[in-house]
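>>> fold the stuff below for me.
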Amino acid sequence: MPDEAEKTEPATPKKKEDARKKGQVAQSRDVSTVVLLIAAVLALSSPLGARLAETVHDTARTAWSGLLITPGTVADYHVVFVKLGLVVLLALAPFAILFMVVGMAGNLVQIGWMLSPEALQPKFEKLNPLSGLKRMVSLDKLYELAKSILRLVVVVSILVWLLAPSLPDVLTHIGASVVSIGALGGDLLERTIWTILAIFAVFAVVDYVWQRYQHEKRLRMTKQEVRDETKQREGDPKVKSRIRQIQREVAQRRMFEAIADADVVIVNPTHYAVALQYRPPEQSSPKVLAKGRNHVALRIRRRAEELEIPIVENPPVAQLLYRTAQIDREIPEDLYQAVAEVLAYVYKLDPGKANGWRAA
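Below is the predicted model:
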């Protein structure tokens, strides 16, 4: 295993995707918890919550008053329990659906849609006691412990800060009516809940940032790992270079073999060389069989001399053909006139070749 100090490179997209397939993502449980708590408070304070409270109140009053039946046997109690339980479950169903949707939304916002069968597979190494001890003293566990202690201290401090000023009001309401006590208690409860939720939200944001940082840190790679992945994705540069070299050699060998079919070689006189073929009526215009510069141009010239192919020195035309024409393609139209003059010159040197062209 590489040393953590050597992992200085950020994770590549492939490394992140592989980790995601294994279920390794940056996720904060605090974010999901806070979202669920806020949704629960809002739902309970809405007309839906009022209806739930009314249903529970009516169900309890009905059960205690004995309006349904007067249970005489265990079976009678079972019937009462099932019937009243069904009423309460139906009242709680909208909350269950809401919490399920909100919980899924909280996870989707953090990690998006993810299905990782590999993460669901049992991992027997987690049953190893030594591995368990290492996880217990890890940085993540220390962070969770410190976070829990700090959160507890903050919550207790907030409760003291909120409830201490209201203590005289609470004492003056001793013996007061239930409505007065309920109004005071409801106001304190609402302020306390929203204040604690706000604190929890701050903790959740900090925890999410920390989890992302730790996730990116765990996925860091060494320089060698980055190079190995690049080779795996794009191929070994040495192998690719060798393949390109072989391809060039094969193409060059074919090019020199094609010079044997050339009718003229235009040179500059040593820097550029272009071999042309013109066989009417099969060809509407001359075609480039080979071209090169410097040492390749010298080889083309020597090959033409060996085959006794006419060599014409025309630097401007040779340079234009080298720069604009392509091998095994006909020359550009704007060079027709210049090449025609070269061919006319070859006709004068070898009238028999010109007759051969006419016969062809």
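>>> for residue 25, report the pLDDT, please.
Listed pLDDT for residue 25 reads 79.
>>> surely residue 210 is within a strand?
No: Residue 210: not assigned to a strand; according to DSSP: H, G, I helix; E, B strand; the rest coil it is helix.
>>> where does the residue nearest to it when sequence neighbours are not counted fall, phi/psi-wise?
The spatial neighbour of residue 210 that comes closest, neighbours along the chain excluded (C-beta to C-beta, 6 or more residues apart in numbering), is residue 143 at 7.0 Å. For every residue, glycine as well, the C-beta is placed using N, CA and C. Phi and psi for residue 143, reported as degrees, to the nearest 10, are phi -60, psi -40.
>>> residue 143 - how many residues pack around it?
By other C-beta atoms under 10 Å, the residues close to residue 143 number 14.
>>> quick one: it from residue 212, how far?
13 Å (C-beta to C-beta, to the nearest Å).
>>> now the common contact residues for these two.
Common contacts of residue 143 and residue 212 (C-beta atoms under 8 Å, 6 or more residues apart in numbering): none found.
>>> how about low-confidence regions in the protein?
Applying pLDDT under 70 to the chain picks out residues 1-5, 63-80, 112-138, 166-186, 233-236, 349-360.
>>> show me the domain layout of it.
Following automatic domain parsing, the chain resolves into domains at 25-119, 128-218, 249-359.
>>> tell me how far the longest one lies from the chain's centre.
With C-alpha atoms, centre = their mean, to the nearest Å as the basis, the distance from the averaged C-alpha position of domain 249-359 to the chain average is 53 Å.
>>> then stretch 192-207?
How far stretch 192-207 lies from its chain's middle: 30 Å, per C-alpha atoms, centre = their mean.
>>> that stretch: which residues count as buried?
Going by neighbour count (16 or more other C-beta atoms under 10 Å), the buried part of stretch 192-207 is 192-193, 196, 199-201, 203-204, 207.
>>> residues making contact with it?
With contact meaning C-beta under 8 Å, 6+ apart, stretch 192-207 is reached by 28-31, 33-34, 37-38, 41, 147, 151, 154-155, 158-159, 162-163.
>>> double-check that residue 273 belongs to a strand.
Yes: assessed by three-state DSSP, residue 273 belongs to a strand.
>>> so it makes contact with residue 265?
Yes: because the distance of 5.9 Å satisfies C-beta atoms under 8 Å, residue 273 is recorded as touching residue 265.
>>> any residues in contact with both of these two?
Common neighbours of residue 273 and residue 265, counting by C-beta under 8 Å, 6+ apart, are 300-301, 304.
>>> kindly reformat the residues you listed as CSV containing distance to residue 330, secondary structure and neighbour count.
Listed next are these as CSV, based on distance: C-beta to C-beta, whole Å; DSSP: H, G, I helix; E, B strand; the rest coil; neighbours: other C-beta atoms under 10 Å:
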residue, distance to residue 330, secondary structure, neighbour count
300, 19, helix, 27
301, 23, helix, 20
304, 20, helix, 21
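>>> want to throw these into a markdown table with distance to residue 345?
Below are these laid out as a markdown table (distance: C-beta to C-beta, whole Å):
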| residue | distance to residue 345 |
| --- | --- |
| 300 | 19 |
| 301 | 17 |
| 304 | 15 |
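>>> now, among those, which is nearest to residue 241?
When the shared contacts of residue 273 and residue 265 are compared for distance to residue 241 (C-beta to C-beta), residue 300 wins out at 25.2 Å.
>>> which one's more surrounded, residue 273 and residue 265?
Legend: neighbour count by other C-beta under 10 Å for residue 273 and residue 265, higher for residue 273 (29 against 26).
>>> who touches that one in this structure?
Applying C-beta under 8 Å, 6+ apart to residue 273 gives the contacts 265-267, 290-293, 296-298, 300-301, 304, 318.
>>> likewise for residue 219?
For residue 219, the contact set (C-beta under 8 Å, 6+ apart) comprises 11, 15-16, 19, 24.
>>> roughly how far apart are it and residue 146?
24 Å.
>>> now swap in residue 198 and tell me
In terms of C-beta to C-beta, residue 198 sits 21 Å off from residue 146.
>>> with residue 320 instead?
Residue 320 is 76 Å from residue 146, by C-beta to C-beta.
>>> neighbour-wise, which of these two wins?
Applying other C-beta under 10 Å to residue 320 and residue 146 shows that residue 320 carries more neighbours, namely 20 against 10.
>>> and the strands in the stretch 251-360 of the chain?
Using DSSP state E, counting those that start in this stretch, the strands found in the stretch 251-360 of the chain span residues 264-267, 272-277, 287-293, 311-313.
>>> what angle sits between the longest one and strand 272-277?
I take that to be strand 287-293. For strand 287-293 against strand 272-277, the angle by axes from the mean of the first three to the mean of the last three C-alpha atoms, to 10 degrees is 170 degrees.
>>> which other residues reach strand 287-293?
Here strand 287-293 makes contact (C-beta under 8 Å, 6+ apart) with 255-256, 258-259, 261-262, 271-278, 299-300, 321-322, 325-331.
>>> buried among those? Make that a ChimeraX selection.
Entered in ChimeraX, the line below selects the buried ones among the contacts of strand 287-293, by 16+ other C-beta under 10 Å:
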select :255,256,258,259,262,272,273,274,275,276,277,278,299,300,321,322,325,327,330,331
